[in-house]
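# my questions concern the predicted model and sequence given below.
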Amino acid sequence: MFLFLFSISVWHFSAAGYTQETIDPIAERMLLFQRDNGGWPQPGGDAIDYSLQLTPEQQQLLVQNKVRLDATIDDKATTHEINYLVSAFQKTQNPAYLQSAERGIRYLLAAQQASGGWAQFYPDSSGYRKQITYNDNAMIDVLWVMRYTAEGTKGFDAVDKALVLPAQQAVERGIACILNTQYIQNGTRTAWCAQHDRITLLPTHARKFELPSLSGGESVGILRFLMSLENPSPAVKEAVRAGVAWLDSVRLTGIATKIVSAPQLPRGKDMVVVADSNSTLWARFYELDTNRPFFCGRDGIKKYSLAEIDPERRTGYAWYGTWPAQLLAREYPKWLKKWDGSMR
């Protein structure tokens, strides 16, 4: 869903007379949802729809819930709000929005682990919520916020200058975490798992159907971040080269996915794999040491055919995609041309 920024002006009476304050309704709701620790939650596991108006009762409940420790970076929670609030401040000059964004940045700084990574939740460390989370680009979204803060780009030049150095250090530690978690297969660097153990840094599981693996999806966001760095170190260049080489080696040609009608199934549809000589796909999950694509239902049992897992998971998850296509075809060649002389 795309939300369009708009604002309205409200007049307040004070001892100095009437003063005008510009507000953004979306930003105002974000302020209500923000937790006391500076982060934002994901109620019910879904992204918050800030276009929906709130009743007085709902607003009161949100104020009461501010003490909850359920803030997360899952599905762009917290990073989305920070980016939006900085943009809203640019347009309205309402200081409340900038202050809220700064509190969000401080929350992210506090949430960075000793490894340099970020977990899906903080301070909640139950189950897999404590692991380094690349899934759905969660950690990479945080690193972009840190970059904007450190470099003063995307409107972040307005944030408290005391945040600049900590953000620079957070980026450096985050890059080190990325390099340290790149999976080494038979002595060769490959790609990344959607989540890594915060202590061992090895690939680990999340939900029952998300087993330790190499990701054809999340690895793309990681590589794009590394490729965006100015003056990349030799270690970063090698990580990019190796990650791209791995993605190129695991492409699946001659197949495509297709949604078909299936009235007998709960969703009335099914996902099938069909032959297509013009199609190239990548799997979401590859085995760590064989690079064999696999699939998994909520029973946690690995299968090697999409047709073998339960219909609910078969149609409810992105098992195949074209995530690396543009990176391999356009972005990497451009990056390689820029840095080719220093790659040798």
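Happy to help now that I have it.
# sketch out the low-pLDDT regions of the stretch 1-150 of the chain for me.
Applying pLDDT under 70 to the stretch 1-150 of the chain flags residues 1-21.
# strands along that one, start to end?
Assigned by DSSP state E, counting those that start in this stretch, the strands in the stretch 1-150 of the chain fall at 8-14, 17-23, 132-133.
# show me the shaky parts of the stretch 201-344 of the chain.
341-344.
# if we use 90, what do you get?
Residues of the stretch 201-344 of the chain meeting the criterion pLDDT under 90: 266-267, 340-344.
# tell me which stretches of it form helices.
218-227, 234-249, 311-315, 325-326, 332-339 (DSSP state H, counting those that start in this stretch).
# isn't R251 up against T280?
Yes: counting by Cβ atoms under 8 Å, R251 touches T280, with 5.4 Å between them. For the C-beta atoms, the positions are set from N, CA and C on the backbone; glycine is no exception.
# deepest of the helices of the stretch 201-344 of the chain, which one?
helix 218-227 (a mean of 23; mean count of other Cβ atoms under 10 Å).
# helices or strands up against that helix?
Judged by 3 or more Cβ pairs under 8 Å, 6 or more residues apart in numbering; DSSP states H and E, the packing partners of helix 218-227 are helix 138-151, helix 164-181, helix 234-249, helix 332-339.
# now distance to V171 too, for the helices of the stretch 201-344 of the chain, in a markdown table please.
Output for the helices of the stretch 201-344 of the chain, formatted as a markdown table (distance: least, Cβ to Cβ, whole Å):
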| stretch | distance to V171 |
| --- | --- |
| helix 218-227 | 10 |
| helix 234-249 | 12 |
| helix 311-315 | 36 |
| helix 325-326 | 24 |
| helix 332-339 | 19 |
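# pipe the helices and strands packed on helix 218-227 into JSON lines and attach distance to P212 per row.
Converted to JSON lines, the helices and strands packed on helix 218-227 look like this (distance: least, Cβ to Cβ, whole Å):
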{"stretch": "helix 138-151", "distance to P212": "17"}
{"stretch": "helix 164-181", "distance to P212": "12"}
{"stretch": "helix 234-249", "distance to P212": "16"}
{"stretch": "helix 332-339", "distance to P212": "26"}
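# out of those helices, nearest to A307?
The closest of the helices and strands packed on helix 218-227 to A307 is helix 234-249. By Cβ to Cβ, the value is 25.0 Å.
# name the residues that touch that closest one?
Helix 234-249 is contacted from outside by 175, 178-179, 182, 188-192, 214, 216, 219-220, 222-223, 226-227, 229, 232, 282, 291, 324, 327-328, 332, 335, 339, 342-343, using Cβ atoms under 8 Å, 6 or more residues apart in numbering.
# for that helix, C-alpha coordinates in CSV please.
The C-alpha atoms that make up helix 234-249 are tabulated as CSV, following Å, rounded to 0.1, in the frame of the first residue of the first chain:
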residue,chain,number,x,y,z
PRO,A,234,38.8,-5.6,-0.5
ALA,A,235,36.8,-7.8,1.8
VAL,A,236,33.5,-6.2,0.7
LYS,A,237,34.5,-6.6,-3.0
GLU,A,238,35.3,-10.2,-2.5
ALA,A,239,32.0,-10.8,-0.7
VAL,A,240,30.1,-9.2,-3.6
ARG,A,241,31.9,-11.2,-6.2
ALA,A,242,31.4,-14.4,-4.3
GLY,A,243,27.7,-13.7,-3.6
VAL,A,244,27.0,-12.8,-7.2
ALA,A,245,28.9,-15.9,-8.5
TRP,A,246,26.8,-18.1,-6.2
LEU,A,247,23.5,-16.6,-7.3
ASP,A,248,24.5,-17.0,-11.0
SER,A,249,25.4,-20.7,-10.3
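# that helix versus helix 332-339: what angle between them?
Counting by axes from the mean of the first three to the mean of the last three Cα atoms, to 10 degrees, helix 234-249 lies at 150 degrees to helix 332-339.
# distance from the chain centre to helix 234-249, please.
Using Cα atoms, centre = their mean, to the nearest Å, the distance from the centre of helix 234-249 to the centre of the chain it belongs to is 20 Å.
# same check, this time on stretch 255-273
Centroid displacement of stretch 255-273 relative to its chain, using Cα atoms, centre = their mean, is 28 Å.
# please begin residue numbering at 296 from this point
Understood, numbering begins at 296; the last thing we discussed is stretch 550-568.
# what residues sit buried inside that stretch?
Going by neighbour count (16 or more other Cβ atoms under 10 Å), the buried part of stretch 550-568 is 551-552, 565-566, 568.
# over to stretch 609-623?
So for stretch 609-623, counting by 16+ other Cβ under 10 Å, buried means 609-610, 612, 614-615, 618-619, 622-623.
# contacts made by that stretch with the rest, please.
The contact list for stretch 609-623 (Cβ under 8 Å, 6+ apart) reads 504, 511-512, 514-515, 518-519, 539, 542-543, 546-547, 550, 552, 554, 560, 562, 564-566, 568, 575-580, 590, 592, 601-602.
# and that stretch, C-alpha only, in CSV?
C-alpha atoms of stretch 609-623 as CSV (Å, rounded to 0.1, in the frame of the first residue of the first chain):
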residue,chain,number,x,y,z
ARG,A,609,2.4,-23.9,-1.1
THR,A,610,0.2,-20.9,-2.0
GLY,A,611,1.1,-18.7,1.0
TYR,A,612,4.8,-18.2,0.6
ALA,A,613,7.3,-16.9,-2.0
TRP,A,614,9.1,-20.2,-2.8
TYR,A,615,10.4,-19.0,-6.2
GLY,A,616,11.2,-15.6,-7.6
THR,A,617,13.2,-13.5,-9.9
TRP,A,618,14.9,-11.5,-7.1
PRO,A,619,18.5,-11.6,-8.5
ALA,A,620,17.6,-11.0,-12.2
GLN,A,621,18.2,-7.3,-12.4
LEU,A,622,21.2,-7.4,-10.1
LEU,A,623,22.9,-10.0,-12.3
